[in-house]
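**Q** Dropping a prediction and its sequence here:
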Amino acid sequence: MSDAETYVTADGRTIGPPIMEMRDITLKFGGVTAISNISFDIREGEIRAIIGPNGAGKSSMLNVINGFYHPQEGEIWFRGKKRKPMKPYQIAQQGIARTFQNIALFKGMSTLDNIMTGRFTHMKTNIFWQALWKGPAEREEVENREIVEKVIDFLEIQAIRKTPVGALPYGLQKRVELGRALAAQPKLLLLDEPMAGMNVEEKEDMSRFILDVNDEFGTTIALIEHDMGVVMDISDRVVVLDYGKKIGDGTPDEVINNQDVIDAYLGVSHD
Amino acid sequence: MFYREAGDYKKTYAEDNQTFPLKLDRYGYYVILAVAFGIVPLVINDYWASAVLIPFLIWSIAALGLNILVGYCGQLSLGTGGFMAVGAYSSYKLMTSFPDLNIFFIVLISGVITAAVGVVFGLPSLRIKGFYLAVATLAAQFFLVWLFNKVEWFYNYSASGQISAPTRTVAGFEVTGATASPEAKYLFCLVLAVLLAWFARNLTRGRIGRSWMAIRDMDIAAEIIGVNPLKTKLMAFAVSSFLIGVSGSLFFAVYLGAVEVGEAFGIQKSFLVLFMIIIGGLGSILGSFIGAAFLVLMPVLLKNIMVGQLGFPIDIAAHFELLIIGFLIMLTLVLEPHGIAQLWRVTKQKLRLWPFPH
């Protein structure tokens, strides 16, 4: 690990300077401190994993990045600028997309419509053109449909394009949700336990998609995952949280040999 | 077998996005339009116009409006009657203040005024959801009816407290007032209903419609995608109230001619429209029409059968009518909770394979 502005990984991907920096973030709910004084950065083009035992503050951290929670202390820097407190939809407009731990698809809509909804921030025609349809609205719809179809091809879900997502099996729903986030062409993609509840085969598929997204589109990815094997295999750098504190940060090899991390995961004898 | 997409190829995304992707559907729709515009006006009489067709069209517009709010955007509203009253009283004030303004524009401006009122009463939707929102919109219903009763300016200080529509024409034909012909009234409502249904369909299939459905299905995920919840909900309130305002305006100016607010736009009207969209199908344009047809035509049909054919006394028939309609509503909801539009969708799916089960 070098602190140089850009470097090239062993598999030939270029990792740029930090796209997002969390500086001394503290988040409290009443008397409970969910996150205390955590700093870390996410570099452009890398896969950054956030791991930790249950209740470590991983999801809270994603919610801070997303704007669902506003930290009491600390600064968030995104693409070289300090971010003001924003609403989640404004943060989405800045180019941050995410998926959820428990699937948050639009159950009443088809796969296609779900992924088309992901294009929302890129579509601009106003209500009058929308009502008339012919002209700008239809043109915009078709342009965005082409991008969505590329995502559908990429995720190999052509066959379920018109299926209502409520009728899909769990693994496919996870894939559609990834597709919805990808359709936004985000600069930073947050994945909250993308492999939770999957079998080995589905996990392998999902890992492959995550690596391909990163490799082909150069999308920066931050993910929370419990499967250590997966995390160690696919991520460039890992940050480890425990009880709202950061206890480790570095490459998978560095982290796995960190005594604090081993203690947090395996327990430590108090004598 | 009868109803299939085989051979109906789509070569562009625009074709794939059509409202009626199948040829059979498309031609069916053209035939219905041709009959509605070309044949019905030739054979229509006063009874059919005032008992069946005009109320059907007007309630369809109201159901479309409420369906956008409840069915597409998931915001439960019981203020429909009040918003219809806003449309009616706006058009009355406009008709009497600007006698030269074309009735077509009066109806549309009444819709715009109702949209503005709807946005104001939609503001609580950012904070409250579901039944609680329904109660908040119930406040709109009672407040608006009270307002139009209490403030005499709204009914031009007339002694009876009623408003009545003066005669107005479109292209030389009278569409409001006592002497308007049934053909003109019917065509006027039909043009508006078809136009507004087309707008509603376009809105619900594009960017805005998807943002409404996103808010309905999972508001947190919608926000993460970049949908501004307040703006989206208020837009749904505006569009919905616009349609309801237009229907209220037509209900007063074209259909009834004279109204008294508590009687014409009471809470029972709000429930009536809500039942229409629940029975017809939430989140379906076709469902709005089916629901309106069900609740407008069924009483007429039952009355004709019981009084006309079976010779029941009118009061007994009225009681039976309520019983039978209540029973039919329950039957529909038990058999198909997603409304008659869903039943139609399932039937089409079955027809594709008929007579084979798979």
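**A** Structure received.

**Q** Would you state the helices of the stretch 51-200 of chain B in chain order?
**A** For the stretch 51-200 of chain B, the helices defined by DSSP state H, counting those that start in this stretch cover B:54-66, B:80-97, B:103-122, B:130-150, B:182-205.

**Q** near chain A, anything from the longest one?
**A** Translated: helix B:182-205. Yes - contact of helix B:182-205 with chain A (CB under 8 Å from any CB of the partner chain) involves B:199, B:202-203, B:205. Just so you know, the C-beta spots here come from the backbone N, C-alpha and C atoms, and that holds for glycine as well.

**Q** And for the shortest one?
**A** No - interface with chain A: helix B:54-66 contributes nothing (CB under 8 Å from any CB), its closest point being 12.8 Å away.

**Q** So for chain A, which residue is the most central one in space?
**A** Nearest to the mean C-alpha position of chain A, by CA atoms, centre = their mean, lies A:Leu190 at 1.0 Å.

**Q** Check which residues of stretch B:301-317 are buried.
**A** B:302-303, B:306-307, B:312, B:317 (16 or more other CB atoms under 10 Å in any protein chain shown).

**Q** Local confidence estimate at residue 112?
**A** All of this refers to chain A. Per-residue pLDDT puts A:Leu112 at 95.

**Q** not what I meant, chain B
**A** For B:Val112, pLDDT reads 97.

**Q** Could you check how far it is from B:Gly326?
**A** Here the criterion is CB to CB, to the nearest Å. By it, B:Val112 lies 37 Å from B:Gly326.

**Q** Neighbour count: these two, which is higher?
**A** Taking neighbours as other CB atoms under 10 Å in any protein chain shown, B:Val112 and B:Gly326 compare with B:Val112 leading, 15 against 10.

**Q** who's in contact with the more buried one?
**A** B:242, B:245 (CB atoms under 8 Å, 6 or more residues apart in numbering or on different chains).

**Q** Okay, it and B:Tyr92: tell me how far apart.
**A** 15 Å.

**Q** State the pLDDT value of the closest residue in space to B:Pro124 that isn't next to it in sequence.
**A** Computed as CB to CB, 6 or more residues apart in numbering or on different chains, the closest residue to B:Pro124 that is not its neighbour in sequence is B:Ala136, at 4.5 Å. pLDDT, B:Ala136: 91.

**Q** what number of residues lie near B:Ala136?
**A** 20.

**Q** now B:Asn149
**A** So B:Asn149, with other CB under 10 Å, has 15 neighbours.

**Q** The one 5 residues further on now?
**A** By other CB under 10 Å, 20 other residues sit near B:Phe154.

**Q** Could you do B:Ser247 as well?
**A** Other residues near B:Ser247 come to 36 when the count uses other CB under 10 Å.

**Q** again, but for the one 10 residues further on
**A** The number of residues packed around B:Gly257, counting by other CB under 10 Å, is 16.

**Q** Tell me, how many residues neighbour the spatially closest residue to it that is not a sequence neighbour?
**A** Distance criterion CB to CB, 6+ apart; nearest residue to B:Gly257, sequence neighbours excluded, is B:Ala165 at 5.3 Å. By other CB under 10 Å, 25 other residues sit near B:Ala165.

**Q** quick one, what contacts B:Ala165?
**A** B:91-92, B:95, B:176-177, B:252-254, B:257-258.

**Q** Filter those down to the buried ones.
**A** Buried, going by 16+ other CB under 10 Å: B:91-92, B:95, B:176-177, B:252-254, B:257, out of the contacts of B:Ala165.

**Q** Among the buried residues of stretch B:301-317, which pair sits farthest apart?
**A** B:Leu302 and B:Phe312 (10.2 Å; CB to CB).

**Q** So for those two, which residues contact both of them?
**A** Joint contacts of B:Leu302 and B:Phe312 (CB under 8 Å, 6+ apart) are B:Phe320.

**Q** contacts for the helix or strand encompassing A:Val231?
**A** Using DSSP states H and E, A:Val231 sits in helix A:228-234. Applying CB under 8 Å, 6+ apart, the contact partners of helix A:228-234 are A:47, A:49, A:51, A:195, A:203, A:207, A:210-211, A:225, A:238, A:252, A:256.

**Q** Closest to B:Val194 out of those residues?
**A** So of the contacts of helix A:228-234, ranked by how close each gets to B:Val194 (CB to CB), first place is A:Ile210, at 48.9 Å.

**Q** Report the separation between the closest one and B:Ala36.
**A** 54 Å.

**Q** More neighbours: those two, which one.
**A** A:Ile210 (23 against 17).

**Q** Is it correct that the more buried one falls within a helix?
**A** Yes - counting by DSSP: H, G, I helix; E, B strand; the rest coil, A:Ile210 is part of a helix.

**Q** what sits against it?
**A** A:47, A:191, A:194, A:221, A:223, A:234 are the contacts of A:Ile210 under CB under 8 Å, 6+ apart.

**Q** same thing with A:Asp113?
**A** Contacts of A:Asp113 by CB under 8 Å, 6+ apart are A:106, B:210, B:213.

**Q** now do 10 Å
**A** A:106, A:148, A:161-162, A:164-165, A:180, B:205, B:209-210, B:213-214 (CB atoms under 10 Å, 6 or more residues apart in numbering or on different chains).

**Q** Which of those residues fall in helices?
**A** Within those, residues falling in helices by DSSP state H are A:148, A:180, B:205, B:209-210, B:213-214.

**Q** Single out whichever of those has the smallest pLDDT.
**A** Among these, B:Arg205 has the weakest pLDDT, 91.

**Q** What count of nearby residues applies to that one?
**A** 19.

**Q** same question, the one 3 residues further on
**A** The number of residues packed near B:Ile208 is 25, by other CB under 10 Å.

**Q** what do you get for B:Gly82?
**A** 34.

**Q** what's near enough to touch the residue lying closest to it once chain neighbours are set aside?
**A** Distance criterion CB to CB, 6+ apart; nearest residue to B:Gly82, sequence neighbours excluded, is B:Leu144 at 3.5 Å. Counting by CB under 10 Å, 6+ apart, B:Leu144 makes contact with B:79, B:81-86, B:89, B:114, B:117, B:121, B:261, B:265.

**Q** Among those, pick out the one closest to chain A, please.
**A** Among the contacts of B:Leu144, B:Thr114 lies closest to chain A (CB to the nearest CB), at 16.1 Å.

**Q** For chain A, just list every one of the helices.
**A** A:58-66, A:88-93, A:111-117, A:127-132, A:136-155, A:170-183, A:200-217, A:228-234, A:252-256, A:259-266.

**Q** Can you give me the distance of the closest residue to chain A within the stretch 1-150 of chain B to A:Glu140?
**A** At 4.5 Å from chain A, B:Tyr13 is the closest residue in the stretch 1-150 of chain B, using CB to the nearest CB. According to CB to CB, B:Tyr13 and A:Glu140 sit 11 Å apart.

**Q** and those two? which has more neighbours close in?
**A** Just comparing B:Tyr13 and A:Glu140: by other CB under 10 Å the higher neighbour count belongs to A:Glu140, 19 against 16.

**Q** how about the spatially closest residue to the more buried one that is not a sequence neighbour, what does it touch?
**A** Nearest-residue entry for A:Glu140: A:Thr125, 5.2 Å, with adjacent residues in sequence omitted and distances by CB to CB, 6+ apart. By CB under 10 Å, 6+ apart, A:Thr125 lies in contact with A:132-133, A:135-141, B:206-208.

**Q** chain center to stretch A:176-185: distance?
**A** Relative to the centre of its chain, stretch A:176-185 is centred 10 Å away, using CA atoms, centre = their mean, to the nearest Å.

**Q** and what of stretch B:319-332?
**A** On CA atoms, centre = their mean, the centre of stretch B:319-332 falls 21 Å from that of its chain.

**Q** related to what we said a few turns ago, put the buried members of the ones in helices among the contacts of A:Asp113 into a ChimeraX selection.
**A** Paste this into ChimeraX to select the buried members of the ones in helices among the contacts of A:Asp113, with burial taken from 16+ other CB under 10 Å:
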select /A:148,180 /B:205,209,210,213,214
